[in-house]
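> Give me a model of this one.
(one chain, ligands or ions: 2)
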Amino acid sequence: MNGRTIDIAPSILSADFSRLGDEIKAVERGGAAILHVDVMDGHFVPNITVGLPVVKSIAGATKLPIDAHLMISEPGRYAEQFVRAGAKMVSVHVEADAHLHRTLMSIKAAGAQAGVVLNPATPIDSLDEALAFADYVLIMSVNPGFGGQRFIGTSVDKVRRLRQMIDARQLETRIEIDGGIDLENIASVVAAGAEIIVAGSAVFGAADPEAAVRGLREATVQWV
Ligand code: DX5
Ligand code: ZN
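Ligands and ions are numbered 1, 2, ... in the order given. Alright, predicted model coming up:
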């Protein structure tokens with residue numbers, strides 16, 4: 001699996017929101033490829049974070065593509081608005097959307113990449129039909145809602161099985177992983193087939209976020 005592009009996507013959830021612009025500049029210097037923004041509604045997940053105005057502000061302040069991870073009920077009602085606010089990638093949970101095909105198509109029609117997210121206990125079989133309509137699949141390696149949780153180890157095998165499913169169907173779908181990623185486990189998830197690596201506390205919880213991103217990138221160089 002050599003020659004893949006491995007993208008580090010810092011999650012601003014663990015950033016200092018009072019100086020968000022500076023935090024984003026730091027991860028840009030460190031070589032971040034994508035900026036991951038966690039949108040939570042206090043309903044689908046037991047936490048509330050940021051929404052459309054924040055995505056809009058950030059989009060005007062960074063050249064990095066914004067990846068909006070919607071942890072909200074009825075994401076189909078809002079997904080397209082996140083594209084209009086400036087997100088280049090928008091992902092929705094299969095557990096939250098009874099009309100996944102329609103939502104994915106609306107994201108693509110609005111001009112962004114469409115992603116499908118699976119919670120830790122949701123089987124990859126649930127992607128059977130949706131896989132062909134998604135640009136990327138996000139495997140949650142913690143239960144969504146909070147940063148700084150412990151990585152669920154079975155996620156590595158889940159990524160591996162998803163990689164096999166994608167390769168067997170000769171699709172270009174990328175695999176993203178999110179939750180508890182750090183210097184200790186990043187190599188294992190990349191080896192299993194993940195290409196977009198979200199890291200929140202491992203980046204913004206570090207004394208030097210720029211160096212932390214660089215360190216995560218260096219831990220994946222053998223696959224690039
Ligand atoms: C969790 C969020 C994650 C979170 C990751 O619900 O989706 O993106 O910010 O944070 P860490 O890397 O600290 O687990
Ligand atoms: Zn996330």
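
> What sits closest to the closest residue to ligand 1 within the chain if chain neighbours are left out?
In the chain, the residue that lies nearest ligand 1 is Gly200 (2.7 Å; Cβ to the nearest ligand atom). For every residue, glycine as well, the C-beta is placed using N, CA and C. Sequence neighbours aside, Ser11 is the residue nearest to Gly200 in space, at 3.7 Å (criterion: Cβ to Cβ, 6 or more residues apart in numbering).

> The one you found pairs with what?
Judged by DSSP bridges, the bridge partners of Ser11 are His36.

> Contacts only, for it.
Applying Cβ atoms under 8 Å, 6 or more residues apart in numbering, we find Ser11 in contact with His36, Val37, Asp38, His69, Gly147, Asp178, Val198, Ala199, Gly200, Val203, Phe204.

> burial of the first one, as a residue count?
Think His36. Applying other Cβ atoms under 10 Å, we find 27 residues neighbouring His36.

> List the beta-bridge partners for the closest residue to ligand 2 within the chain.
Here the residue of the chain nearest ligand 2 is His69; by Cβ to the ion that distance is 3.8 Å. In this structure, His69 bridges to Asp38, Ser91 when assessed by DSSP bridges.

> is it true that it touches Gly179?
No - assessed by Cβ atoms under 8 Å, His69 is found out of contact with Gly179, at 10.6 Å.

> just to revisit the earlier point, per-residue pLDDT, the residue of the chain closest to ligand 2?
pLDDT recorded at His69 is 99.

> Pull up the gap between it and Val224, please.
Here His69 is placed at a distance of 24 Å from Val224 (Cβ to Cβ, to the nearest Å).

> More neighbours: these two, which one.
Relative neighbour count places His69 above the other of His69 and Val224, with 28 against 11, counting by other Cβ under 10 Å.

> Report the contact partners of the closest residue to Thr173 other than its chain neighbours.
Leaving aside its chain neighbours, Thr173 sits nearest to Ile166 (4.9 Å; criterion: Cβ to Cβ, 6+ apart). Listed by Cβ under 8 Å, 6+ apart, the contact set of Ile166 reads Leu131, Val137, Thr173, Ile175, Gly193.

> which among these gets closest to Ile48?
Val137 (25.5 Å; Cβ to Cβ).

> What does the pLDDT read for that closest one?
Note for Val137: predicted pLDDT of 98.

> List of residues touching the helix or strand where it lies?
Using DSSP states H and E, Val137 maps to strand 136-140. Strand 136-140 is contacted by residues 69, 89, 91, 113-120, 127, 131, 155, 158-159, 162, 166, 173-179, 194, 196, 198 when judged by Cβ under 8 Å, 6+ apart.

> ok, now with 7 Å
With contacts defined as Cβ atoms under 7 Å, 6 or more residues apart in numbering, strand 136-140 is touched by 69, 91, 113, 115-120, 127, 155, 158-159, 162, 173-179, 196.

> can you redo the contacts of Ile166 as TSV with neighbour count, secondary structure and distance to Gly31?
Shown next, in TSV, are these (neighbours: other Cβ atoms under 10 Å; DSSP: H, G, I helix; E, B strand; the rest coil; distance: Cβ to Cβ, whole Å):
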residue	neighbour count	secondary structure	distance to Gly31
Leu131	17	helix	30
Val137	28	strand	24
Thr173	21	coil	24
Ile175	22	strand	20
Gly193	22	coil	21
